[in-house]
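# For reference, the sequence and a predicted model appear below.
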Amino acid sequence: MLWHIGNTTVRSPYRIRDALRVLRGTEFNGNLSGRSQENAFAELLHNKDVLHSPRVQAQQDASDLGRKWRSALTQLGFITPKLTSHLAGGVVDPSLFPITEPIESLSGRPYEITPNGYRLIESNVVTAQQECFLRALVSYRVPSVLEQRRGIDVSPFSPLQFVLNILQGLESKGEEGRLSFQEFAFYVQTASPADCVDEVVGNICSFRLRRKKHKGSKWVFDKRYYQDISTRLNVRAGTLNDYTDLSFRYLKASGLCQSLGKGIILAPARNRMARLLRSIEIVDVPEEQYLRSIWLGADLPTDNRKNSYFVVQGLVQRIRENGEEVSEVIEDLPFEKLEALRHELELRVLQLSEKCYAEKQSEELSEIVAWIEAITSKGRRAKVGEGEFVVVPKGEAPAYLEWVIWRSFLAINSLCNDPWECRRFSIDQDFLPICCAPGGGPDLVFEFENAIIVVEVTLTSSSRQEAAEGEPVRRHVARYVEEFKKPVYGLFLAASIDSNTAHTFRSGDWYLDDDKKIALDIVPMTLSDFSKFLISGEKDLPSMPSRLEGLLIQCRAKANQEAPNWKQSISKLVEQHSGT
């Protein structure tokens, strides 16, 4: 057997929320049947930047994309399906789903947003979004009425609890409580509780020992296992990797797991929640009950006052272990306030971790530069160290560009604002980007002791670049010029700078609503030049803020040139400041 969580079309779980937000309030909510509607849905997702489809641009049929996205929203219960299976009550009317007791907000039509789907839409912080995915995964079973896959002939089981039990089993044997990418690919996704957790844990332990003793290339060692298992299951070796990557993403989206190298471990702050979830008894339930659970979102242990208080106490302890003060929690605190406090403490724990992450970035300059190279390369990958590569996930280059520039400024390590105040995009517990910064403001804002630097990044090129970025960038910088007394500089970064864009930024004037004119200092710079300057400061990071401000001032002094010449002058000044 071979199972996975989620849908291979939507590899990033957090994109599901983007699609649901687009679907809400449109004619397609509860009306997604037929090729015409599927094609129109794909076009809508494309126009709202949820997906990018050349076929939509060329006005060709993209109904298969609409179907795939519809399926992704259905699998974890965020929209209702169109069921045609036989249930206990008889043959299901294909236009309805089999719920005998009404569910508020559901009319009975297929493909309409469920209560847990609406909960995800309304979740504006990452911890709340993760709780929606956790509610979905606690309910999620394989196989099920929504997950009829060939080759899976076992009683329905919870992939989430199966993984949690395996992690606990490894620890009980004195092993590290983690699952490497290969271990999950070879032994977890090819098994179920019917195979016995102890047997799966034993196979993983044996694999670790054999791999450790192997004196040759670990890549060659792993390759033999990929070949043997893919042959036995009659799938491509790459499918094992694809399914593992997908399941890892959804497990981490629940907030319970986080990355360790290329594997996963339990997120330390969620140990108590994991302990409670492992204690839930998995029983077969009627299909109607299963559908109700996954559409409403499963009850969580923390929905119980005693368990919620137990988890809150764990969060308080973790914060104190990091040297931070936190007030005692009153045991008889009203449940609503206890839940609000739990979310507040979860966010605080994440912020403490983010501070530690920020402090380490000064040691990661080589990797940061490799990410910039990968984002701007055709293959979206770059080498970092011997035999190691960084690879930009498909369709996520814009978000990763904002992320790596954020990391670049964190590496300079002289910021006056907190790392989460610098960015307007969201990150997960692995500090990876969930999505791009929303509109209505700059991508990034960095406050140094003597200056504010407003950073805008883009992957657009040609004259489209000026059309998309010219006015917003100037407006965003103007807002900070008006707000702060410190000098404010705009830094516009792109793989290439179109001369029309440079021409727009040459003008240092902006008129406010009251017709007051203010001066703007914006410098367009290529990402390769920025990388060059960044790596030049590796041995003297404390000097970087003043060096960067000096570079921007000198670049602005050349803004009286024609745009093509100004771009050349900026590159030459970068070379001078970089010592190249």
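Great, that's in hand. Residues are numbered from 1 along each chain as shown.
# Just the buried positions in stretch 331-351, please.
Within stretch 331-351, the residues that qualify as buried by neighbour count (16 or more other CB atoms under 10 Å) are Leu333, Leu338, Glu339, Leu341, Arg342, Leu345, Glu346, Leu347, Arg348, Val349, Leu350. C-beta here means a position set from N, CA and C on the backbone, and glycine is covered the same way.
# Output those in a markdown table, with secondary structure appended to each entry.
Converted to a markdown table, those look like this (DSSP: H, G, I helix; E, B strand; the rest coil):
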| residue | secondary structure |
| --- | --- |
| Leu333 | coil |
| Leu338 | helix |
| Glu339 | helix |
| Leu341 | helix |
| Arg342 | helix |
| Leu345 | helix |
| Glu346 | helix |
| Leu347 | helix |
| Arg348 | helix |
| Val349 | helix |
| Leu350 | helix |
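# Save the residues you listed as CSV, and put in distance to His52 too.
CSV is the format used below for these (distance: CB to CB, whole Å):
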residue, distance to His52
Leu333, 47
Leu338, 43
Glu339, 38
Leu341, 41
Arg342, 37
Leu345, 38
Glu346, 33
Leu347, 32
Arg348, 36
Val349, 35
Leu350, 30
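# now, the most widely separated pair of these?
Farthest pair in the buried residues of stretch 331-351 (CB to CB) is Leu333 and Leu350. Separation: 21.9 Å.
# and the gap between the spatially most central residue of the chain and Arg15?
Taking CA atoms, centre = their mean as the criterion, Ile434 is the residue nearest the geometric centre of the chain, at 2.9 Å. Between Ile434 and Arg15 the computed distance is 9 Å (CB to CB, to the nearest Å).
# The stretch 51-200 of the chain: strands as residue ranges?
Per DSSP state E, counting those that start in this stretch, the stretch 51-200 of the chain carries strands over the ranges 86-87, 90-91, 178-179.
# hey, where'd the strands end up in the stretch 401-550 of the chain?
Counting by DSSP E, counting those that start in this stretch, the stretch 401-550 of the chain has these strands, from start to end: 444-447, 452-458, 488-494, 509-511, 517-519, 522-526.
# Mean neighbour count for the ones you listed - can I get that in a markdown table?
Converted to a markdown table, the strands of the stretch 401-550 of the chain look like this (neighbours: other CB atoms under 10 Å):
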| stretch | mean neighbour count |
| --- | --- |
| strand 444-447 | 23 |
| strand 452-458 | 24 |
| strand 488-494 | 24 |
| strand 509-511 | 13 |
| strand 517-519 | 12 |
| strand 522-526 | 24 |
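# so the residue nearest to the centre of the chain makes contact with Asp428?
Yes: at 5.7 Å, Ile434 counts as touching Asp428 under the criterion of CB atoms under 8 Å.
# Find me the pLDDT at Gly90, would you?
As summarised for this prediction, Gly90 has a pLDDT of 40.
# same thing with the one 3 residues further on?
Looking at Asp93, its pLDDT reads 47.
# related to what we said a few turns ago, and the residue nearest to the centre of the chain, what is it in contact with?
With contact set as CB atoms under 8 Å, 6 or more residues apart in numbering, Ile434 has these partners: Ser12, Tyr14, Val126, Ala399, Phe425, Ser426, Ile427, Asp428.
# The first one: neighbouring residues, count only.
What it means is Ser12. Residues near Ser12, counting by other CB atoms under 10 Å, number 22.
# now swap in the second one and tell me
As a burial measure, the neighbour count of Tyr14 was computed by other CB under 10 Å and equals 20.
# hang on, it packs against Cys436?
No: in this structure Tyr14 lies outside contact range of Cys436 using CB under 8 Å: 11.3 Å.
# quick one: contacts of stretch 226-234?
By CB under 8 Å, 6+ apart, the residues outside stretch 226-234 that reach it are Met1, Leu2, Gly151, Ala185, Phe186, Thr190, Arg236, Ala237, Thr239, Leu240.
# Filter the residues you listed down to the buried ones, PyMOL style.
Taking 16+ other CB under 10 Å as the burial criterion, the selection of buried members of these in PyMOL is written as:
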select buried, resi 1+2+185+186+190+237+240
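# What are the boundaries of the helices in the stretch 351-500 of the chain?
Assigned by DSSP state H, counting those that start in this stretch, the stretch 351-500 of the chain shows helices spanning 365-376, 397-412, 419-422, 462-483, 499-506.
# and the angle from the second one to helix 365-376?
What separates the directions of helix 397-412 and helix 365-376 is an angle of 160 degrees, with axes from the mean of the first three to the mean of the last three CA atoms, to 10 degrees.
# Off-centre distance for helix 397-412?
14 Å (CA atoms, centre = their mean, to the nearest Å).
# Can you give me the buried ones in that helix?
Along helix 397-412, the positions that meet the burial threshold by neighbour count (16+ other CB under 10 Å) are 398-412.
# between the residues you listed, which is closest to Phe221?
Set against Phe221, the nearest of the buried residues of helix 397-412 by CB to CB is Tyr400 (30.8 Å).
# right, and that closest one touches Ile375 too?
Yes: if you go by CB under 8 Å, Tyr400 and Ile375 touch, sitting 5.7 Å apart.
# Between those two, which contacts overlap?
Shared contacts of Tyr400 and Ile375, defined by CB under 8 Å, 6+ apart, are found at Val392.
# mind checking how far the residue lying closest to His343 once chain neighbours are set aside is from Ile121?
Using CB to CB, 6 or more residues apart in numbering and skipping the chain neighbours, the partner closest in space to His343 is Thr127 (5.7 Å). Look at Thr127 and Ile121: by CB to CB, they are 16 Å apart.
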